Structures are given as structure tokens and as C-alpha cells.
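S.K.: Here you go, sequence then predicted model.
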Amino acid sequence: MDKKQLKNITNLIFEAAAVKRMRRTGWMLLGDNEEGVGEHSFMTCVIAYFLAKQMKANMETVLVMSVFHDFHEARTGDLDKIAKFYMKRDQDKANRDIFEDIDNELLNTLDIYEGKKTLEARIVYEANVIAFAVELKLLIEKGNVHAKEWLIANTSRLRIREAIELAKSLQASSSQGWWESIRKTLHEEFAQ
């Protein structure tokens, strides 16, 4: 790797740290919750992995799209749905400014994601929606009376059968269910 390429990648890694620190702005409207863009991207990756595996999609493409789908927000900021009525951001320009001459293959993958026409792009888009739904479900469990409206509205955006099934399962489940048997074991230990 030449020195210029190494410097460009180094700078990109520091820009990734900025993405990791950024807060998602839409949560301010609900008055509850704080989530970083990096945290959201992580959840999108986890969900997309399982959807891609179930649907036999190209895993590498899905995971790359998932990791980088919101990277442009380092430069454009995260705009909530109301702000998008009043502001326009040029995420294509942001992506080009970030990735061009560093990784044109990645830039092409992000263009494909934005088109939402391939199976992989649709999986990542729906995983992105489900990641948002997970946060809404957690807010509902904490007593936020407005989160349910947004959970219903956002899950109605899903079109892939497997994504719809997963979203319904998440809605019907307790977020604490994953460690139910562990809790039972701990309670039995405590009783001794």
C-alpha cells in the first residue's frame, strides 16, 4: 500500500469513529432514547446477517452494505423524518467524497444499496427498519406511550416475508426473553 492510500484509509478510520459517536436525531422527537449511528449500524448488520442467511443472499455484500449504509452521515448528519421535509442532503456526494479513490468497489456497493433493487439491498433496507423497530419495542417496554404508533407504522414498510415474520416475532416477544432460563437458574441458586 502506498503512503497516500495508507493516509486515506487512516483518515477514513477516524471518520468511522465520528460516525460511531454520532447520535440519531429522531429519538429526540419521541423524547426518549439515545442511540448512536454506529449502534444502529451494528443492529442492522446482525439482523441483515440472519435475513441473508435465511434467504441465501450474498452474505459479503449484505454485511458490507449493512456496515456502511449510514456512513455518509459523518458528513451529512442524521436527519430525522421531519427534518427531511425541509432539508436536502446529498448523500451520493458525501459517499463519493469519502470513498472515491479509496474503495470504488465499496462506493459501487453503496450505490446499489441506495437503488434498493437487488435482493441484498432490500435485505439491508429491511434490516435497517427492523433495527429501528427493536429500539421502539424497548421504548414500549419502558412505558413510552408514543413508540407503539411508530412501531406499527415502520413495520408496515416491510415487504420481504422473512423480514415481516421477524418483525412480528420481535413485537410479540419480551426483550428479556433471551435470558429467561439463565434467570431461572440464578433464582434457584439464590434460593439455596
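M.R.: Structure's in. What do you need?

S.K.: Relative to the whole chain's centre, how far out is the one helix or strand in the chain whose mean pLDDT sits lowest?
M.R.: Least confident helix or strand of the chain, by mean pLDDT, DSSP states H and E, is helix 27-30 with a mean of 82. Helix 27-30 sits 17 Å away from the centroid of its parent chain (C-alpha atoms, centre = their mean, to the nearest Å).

S.K.: Buried residues in it, which are they?
M.R.: Buried residues in helix 27-30, counted by 16 or more other C-beta atoms under 10 Å: 27, 30. In short, each C-beta sits where N, CA and C put it, glycine included.

S.K.: Export only the CA atoms of that helix, formatted as PDB.
M.R.: This file holds the C-alpha atoms of helix 27-30, laid out as PDB (Å, rounded to 0.1, in the frame of the first residue of the first chain):
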ATOM      1  CA  TRP A  27     -35.200   9.900  19.100                       C
ATOM      2  CA  MET A  28     -35.300  13.500  20.300                       C
ATOM      3  CA  LEU A  29     -38.900  13.700  18.800                       C
ATOM      4  CA  LEU A  30     -40.100  10.900  21.000                       C
END
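
S.K.: Which positions in stretch 91-109 come out as buried?
M.R.: Neighbour count says stretch 91-109 has 91, 94, 95, 96, 98, 99, 103, 106, 107, 109 buried, by 16+ other C-beta under 10 Å.

S.K.: whoops, I mixed them up, stretch 127-141
M.R.: 127-137, 139-140.

S.K.: Please apply the same query to stretch 38-50.
M.R.: Those would be 38, 39, 40, 41, 43, 44, 45, 47, 48, 49, for stretch 38-50 by 16+ other C-beta under 10 Å.

S.K.: Now the fourth one. Its backbone dihedrals?
M.R.: Recorded main-chain torsions at residue 41 are phi -60, psi -40, according to degrees, to the nearest 10.

S.K.: same question, the first one
M.R.: As for residue 38, its main-chain torsions (degrees, to the nearest 10) stand at phi -60, psi -40.

S.K.: Also the second one?
M.R.: Dihedral pair for residue 39: phi -60, psi -40, per degrees, to the nearest 10.
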